[in-house]
Every structure is written in C-alpha cells, then in structure tokens.
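Q: no sequence on this one, just coordinates:
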C-alpha cells in the first residue's frame, strides 16, 4: 500500500483565506458592535482581483445617529442600501485616509441594511492554490469539436470561514481552439498561386521583371476567377479572428459561460504569430464555492460554420 | 471525468455525493493510468491498494472528492480506457459502481520515403529553389505533431531565417519589448515572466528536452497569469496586436499568410521553423536532417534522424524547409512532380 499525494498548496490557500477573513472580520466586528448582524458573505471576483464583503444587518433602534468607522484600509468602493424601507443612504458613506465611515443619521430604526465593501486582492497564487483547472488541449481527429473544461476545488475547507462563506466568482478559463487546419483546408490552390504571384510582384524592383510578373499575377487572378483584390480578401479573413468575429463560432455550455476570445499566444504560433493564428484562445468563466465544489463545461467550436464563413470570404461559397 | 485526453497528460475527475452519507471510494483503472493527486482528503486518506486500486476515505468536507489522473504514453495512437468508481456507503453497507471511458491519443510521425538523392534548382520564376523529390512523412496518429527540423551537416549547407521576415521580426520584437517592459514597470510582479517571454521571443527556439521544459514553464506561467488577471491579459494581447499592426506592410501580410499555410502540414502537423531556409555552400553534398517532435502536452518523442540525402544544387536560390516535405495522404508520389 502506498499513499497518494493529497492536494498540495493547502497552506497557501489557508493563508490567502486568512488574509481575506482578517479584513472581513474587522468589518463584521465593527458592525456587530452597533447592530444585529443577519448574514454575511465574502466573494472573490477573480478576473478583477477584487474581494467583496457583504454584510446584512438590522438597526434594532437606539443607536441611530452615530458614525461607524472602518479604519481597515481604503476600499475600491463601499455601498450601503436598505433591504427593507426606502431610506436614501447615498451620502452616508465617506472614504477617509485609512478606510471609510458610515454616517448613520439617515438610517431608520428597525430597518435592515446591506453593506457591500470591495478591496483589491492581488494574489493570483491564492486562486491557483485553491483551484485545479484543466481543459482539453485538443481532440482526436474525428471527434466532435467539443472541448471539455473542468475546474475543481483543491481545498474546499479553506472556503469555510467564521465570517461567512467564501465564493469564487468568474474564474477565467482559457481553451485553445485549433483553427489552422480549417483555414488551410479552405484555401483553394488558385488562391495560393495568386498569393505567391502577388508577393513576387510587390517585391520586384526591376521594371522589366515587374512587367513579366504583372502578367503572371493577372493570369493567377484569372485562375482564381472573379472576385475581390487578394489584399482585401486577406483583410476580410483577418476579421474572423477578431473577438467579435470569432465569438459566433463558439458556444459555451453547462457550468461555464463565454467571456471573450483572442488570437492564441502559444510558442508554436511562430513569428509573425499575431498575424495568422493557429489557435484562437477562448476565455470562459465559472463560479466555485461550497455549493459547487467542481464545475464542468463544454466549449463547442462550430467548425462547419467557421469553414463556410472562410469560404464565403474567399469567394468559394456564394451564400 | 472527460472522455478525451492526450497521452502522457493529466486529466481530472471528481465525485459528488449526498453530504449526509459517509462513503469510501475505490477508483479502479488500467495500468495505462495512475492517480497523480487527490483533493479534499487528509494525509493518509488516499492510498493505493496492492492491486493498484486507489482507495479514498475520511474526506475533509464530506460530499466531494477531486482527482487528477495521468496517462502513460502508449504504443497505440488511440486507446480507449475505462475507469470504475465504486462508492461504498458505510452506513448501509451498500455500494454503487460508475464507469467512465476515456480516449487517449497522440500523434505519430511515419517516415514513408526519404529519397537517397535529390536535385535542387533555382528558377527565374521563383525566389526560392525547388526540389525534384520530397521527403514523405505523415502524421498517422490522432493528435497534433509539432516539429522542428534541424540541419546536422553544416559543412555543405547552412540553415538561415528567410530574409523577408528578418526585418519584420526585428522591428516587431523591438516594439513588443518596449510595450511589455512598460507593463512590467507598471506591475513589477510580472517583470520576471515578461523577461523570460522576451528572451524566448528573441532567441532561436531550442527544441531539445531542456529547451522544451523552458518553453513549457514560461507558457504555463503566462497562461496562468493571463487567466488570473484580466487587466494583464488585455494589456499583453494589445501589446502584441498593436506591435504587429505598426510594423505590418502589405508585403508582410501576404508573405506571412503564405508562410502560415506552409507551416501547417496536412494531418495536424505544425512545422515550427517553416520560415527557415537551407542555403548551399557547395554545389553538391550530403544533407543530414533530424526532426524533433513534441505534441500539445509538451511530451517528449524520440527525434527522427533521416537517412543521409545526397543533394545536387544548381543555382543560388535558398530552399525553404517546408519544401523538403510532402505531408499529403496519397500513397504514390511521381518522381519529379511539382508539388508547389
């Protein structure tokens, strides 16, 4: 019998949680000293690297009119609103040098309130220590173009705190969708001949050779048939690699949702790699927490539609 | 558990059960797989039994366990394996079995034909020399093969980067470097990663085991950093895109597209050094080539040493690396046929 490694990085995850909880606990204690705390939660907004502490409390009367001070560092934003009742509390929060303060004058006795406070949380190692992320790097040749994604908590216990549950919101997930073979397949031979002829023509400086190459280029253009200028076509083709262009060819489902995409950044995207990507990197997002220990997602690459679009741009397909 | 994975790579699995139940889980898997890591178990909570089964118990938070499994690289390029999860309910002494299957795949380069002798000649119609007979290689496997071609014999030939790209490359890299260094000044926590990335960009890629490990480490760190920091992702991607746009000319645009097509072999092959060319120092000589291979999981495959090829070179044109190969699936190649 041998022991299997039980998820490493527990200390780092717990240390990160402690840091988060330290501030949340101070806010909790400051509110608890004056009012009755009903509930609280801590959310880490992963892409923005922001921690948000929300605390719901009831003003049980007697202490309205005081100021509550939170000298625990300046927040990105702090917001107080009534859950029940219509008090306008937009002026009740002010930031001070070392934190913020709540002026309770506008608060009505027996109302319930929600305080949301956001702070910077720049420790990416915390999320890595807490979450295992894995995705399909590619699929077998004849498989459907469905890339799997999987996120799982390594140390769920680290999310259970004395001051409320801690949730991870919008965990970014990148999947490289291979497109190079599809582009290559959609390029007809005549187009490649014309590309080569156009390149030679542009590069040539000798007027006599330029004339000869010009004739070759025209012949190559005729070989491709009617259509737009090759440089314009390449420009149009580039548009399908823009986030707005490529988004229509991907569909993200199950526990994940689509967020963004960009040209792949991989070592095999050799120079000049930003020009023509071999992959498109698709960013999807998911949430993890004590009510979702693991998330599964599927990214469907609509290969057929992508090929049809490329062929339409190149004038191979009319509709 | 996912249903596909590259051989030699890791893949995840998890089990969720009713929190009110106390369970013991046994994971049975073939010898092609191993359990690499288990989440949410205390030290000693995950053990391997003598028959290879992984037994998991004593979960820290009841109701969940996560696993990372890893496959070995196998003889066959596509293998379907089964994993069984046996959940034993300790309260009622009952158990349930769940079976999941996974396809494990990898690329495989097959050398079909290496001509013992070839002729290279320059033509007026082309800036590059042409080859009368090509090396026929196919990727008969299921995954992408990423290859780099090395020239072993340096006395009669030399390998260079095509001049068309040199100027663009230099200006592009200078521009990217300036932008990325500005990002690193703004956020010093990214400085180390940016320095390593720039170093990879500026130096020719060394594709041996050590070189691959360095590439893997830098790009894995980069992906993690991009995943964890949206602002960094936007700045990084924008630096690359604007540097490209600033330095792009129509010539580059057309040529880069041609090179892009040339760098993709049929049947999922990516030729890393497709912009390299071979130049003759002498009119005849013996060319020794070595092909280094990896896949999208950075696995190491034995390098393929090609048998020596006697080359007769007429004219002074350079021979692009991609022109050495014919990746097509057809079985018969007519000698002397033009494949361009």
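A: Ah, there it is. Just so you know, these numbers come straight off a predicted model, no measurement behind them.

Q: next, count neighbours for residue B:77.
A: 18 (other CB atoms under 10 Å in any protein chain shown). In short, each C-beta sits where N, CA and C put it, glycine included.

Q: name the SS class of the residue lying closest to it once chain neighbours are set aside, please.
A: Excluding the flanking residues, the one nearest residue B:77 by CB to CB, 6 or more residues apart in numbering or on different chains is residue B:141, at 3.7 Å. Secondary structure, DSSP: H, G, I helix; E, B strand; the rest coil: residue B:141 is coil.

Q: where does the chain dip in pLDDT?
A: With no chain named, the answer covers chain A. Applying pLDDT under 70 to chain A flags residues A:7, A:60-65, A:85-88, A:199, A:202-205, A:210, A:220-228, A:269-275, A:317-319.

Q: I was after chain B.
A: In chain B, residues with pLDDT under 70: B:124-127, B:164-165, B:245, B:248-256, B:259, B:329-340.

Q: returning to what we had before: so what's the residue count around the residue nearest to residue B:77?
A: Neighbours around residue B:141, by other CB under 10 Å: 22.

Q: same question, residue A:144
A: For residue A:144, the neighbour count with other CB under 10 Å is 12.

Q: state the distance from it to chain B.
A: For residue A:144, the distance to chain B (CB to the nearest CB, to the nearest Å) stands at 10 Å.

Q: in the stretch 151-300 of chain A, which spans are helices?
A: A:180-186, A:189-203, A:207-224, A:230-239, A:243-246 (DSSP state H, counting those that start in this stretch).

Q: now do stretch A:276-289: distance to the chain's middle.
A: Distance, stretch centre to chain centre, for stretch A:276-289: 7 Å (CA atoms, centre = their mean, to the nearest Å).

Q: and what of stretch B:6-16?
A: Stretch B:6-16 sits 19 Å away from the centroid of its parent chain (CA atoms, centre = their mean).

Q: one more: stretch B:97-116?
A: 14 Å.

Q: just the endpoints, please. Distance across it?
A: 58 Å (CA to CA, to the nearest Å).

Q: tell me the contacts of residue 302?
A: By default, I'm working from chain A. Neighbouring residues of residue A:302 by CB atoms under 8 Å, 6 or more residues apart in numbering or on different chains: A:145, A:248-251.

Q: wrong chain, I was asking about chain B
A: Residue B:302 is in contact with residue B:293, counting by CB under 8 Å, 6+ apart.

Q: check residue A:299 too.
A: Contact analysis of residue A:299 by CB under 8 Å, 6+ apart lists A:146-149, A:175, A:177, A:250-252, A:256, A:282, A:284.

Q: okay, now the nearest residue to residue A:128 once chain neighbours are set aside: neighbour count?
A: Once flanking residues are discounted, residue A:128 sits nearest to residue B:224: 6.2 Å by CB to CB, 6+ apart. For residue B:224, the neighbour count with other CB under 10 Å is 18.

Q: residue B:224 should be in a helix, yeah?
A: Yes - assigned with three-state DSSP, residue B:224 falls within a helix.

Q: still on that earlier bit, could you dump the helices of the stretch 151-300 of chain A into CSV with distance to chain B and mean neighbour count added?
A: Output for the helices of the stretch 151-300 of chain A, formatted as CSV (distance: least, CB to the nearest CB, whole Å; neighbours: other CB atoms under 10 Å in any protein chain shown):
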stretch, distance to chain B, mean neighbour count
helix A:180-186, 5, 18
helix A:189-203, 5, 19
helix A:207-224, 7, 15
helix A:230-239, 6, 16
helix A:243-246, 10, 16
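
Q: of those helices, which is nearest residue B:313?
A: With CB to CB, the closest approach to residue B:313 among the helices of the stretch 151-300 of chain A belongs to helix A:189-203: 21.6 Å.

Q: mind giving me the packing neighbours of that closest one?
A: For helix A:189-203, the elements it packs on are helix A:207-224, helix A:230-239, helix B:250-262, judged by 3 or more CB pairs under 8 Å, 6 or more residues apart in numbering or on different chains; DSSP states H and E.

Q: go through the chain and flag its longest helix.
A: Reading this off chain A. Longest helix in chain A, counting residues (DSSP state H): helix A:10-32.

Q: I was thinking of chain B, sorry if that wasn't clear
A: Assignment by DSSP H; longest helix in chain B turns out to be helix B:163-186.

Q: centre of the chain to that one, how far?
A: Counting by CA atoms, centre = their mean, helix B:163-186 is centred 24 Å from the centre of its parent chain.

Q: what's the closest non-adjacent residue to residue B:263?
A: Leaving aside its sequence neighbours, residue B:263 sits nearest to residue B:274 (CB to CB, 6+ apart; 3.6 Å).

Q: returning to what we had before: from what I can see the residue nearest to residue A:128 touches residue A:124, true?
A: Yes - the pair residue B:224 / residue A:124 is scored as a contact, 7.2 Å apart, by CB atoms under 8 Å.

Q: now find how far off-centre stretch A:240-254 is within its chain.
A: On CA atoms, centre = their mean, the centre of stretch A:240-254 falls 13 Å from that of its chain.

Q: re earlier: out of the contacts of residue A:302, the closest to chain B would be?
A: Of all the contacts of residue A:302, residue A:145 has the smallest distance to chain B: 11.4 Å, by CB to the nearest CB.

Q: look up how far residue B:113 lies from that closest one.
A: 32 Å (CB to CB, to the nearest Å).

Q: one step back: inside strands: which ones of the contacts of residue A:299?
A: A:146-149, A:175, A:177, A:250-252, A:282, A:284 (DSSP state E).

Q: pull out the buried residues from the residues you listed.
A: A:147-149, A:175, A:177, A:250, A:252, A:282, A:284 (16 or more other CB atoms under 10 Å in any protein chain shown).

Q: from these, which two are the most distant?
A: Pairwise over these, using CB to CB, the maximum falls at A:148 and A:250, 13.9 Å.

Q: ends of stretch A:96-112, what's the gap?
A: End-to-end for stretch A:96-112, by CA to CA: 25 Å.

Q: check contacts around residue B:70.
A: Residue B:70 touches B:8-11, B:33-34, B:36, counting by CB under 8 Å, 6+ apart.

Q: most neighbours among the residues you listed, which one?
A: The contacts of residue B:70, ranked by neighbours (other CB under 10 Å): first place residue B:11, 25 neighbours.

Q: name the element that residue belongs to?
A: Assigned by DSSP states H and E, residue B:11 belongs to strand B:10-16.

Q: so which bits of the following helix or strand past that strand are buried?
A: The C-terminal neighbour of strand B:10-16 among helices and strands, as given by DSSP H and E, is strand B:23-28. For strand B:23-28, the neighbour count (16+ other CB under 10 Å) marks B:23, B:25-28 as buried.

Q: just stretch A:122-140 next, same as before
A: A:123-124, A:126-140.

Q: in which helix or strand would I find the spatially closest residue to residue B:187 that is not a sequence neighbour?
A: Leaving aside its chain neighbours, residue B:187 sits nearest to residue B:232 (7.1 Å; criterion: CB to CB, 6+ apart). Element membership for residue B:232, per DSSP H and E: helix B:230-247.

Q: got the angle between that helix and helix B:163-186?
A: Relative orientation of helix B:230-247 with respect to helix B:163-186: 150 degrees, computed using axes from the mean of the first three to the mean of the last three CA atoms, to 10 degrees.

Q: please parse chain A into its domains.
A: Taking automatic domain parsing as the criterion, chain A consists of the domains A:2-120, A:133-153+A:170-184+A:235-313, A:190-224.
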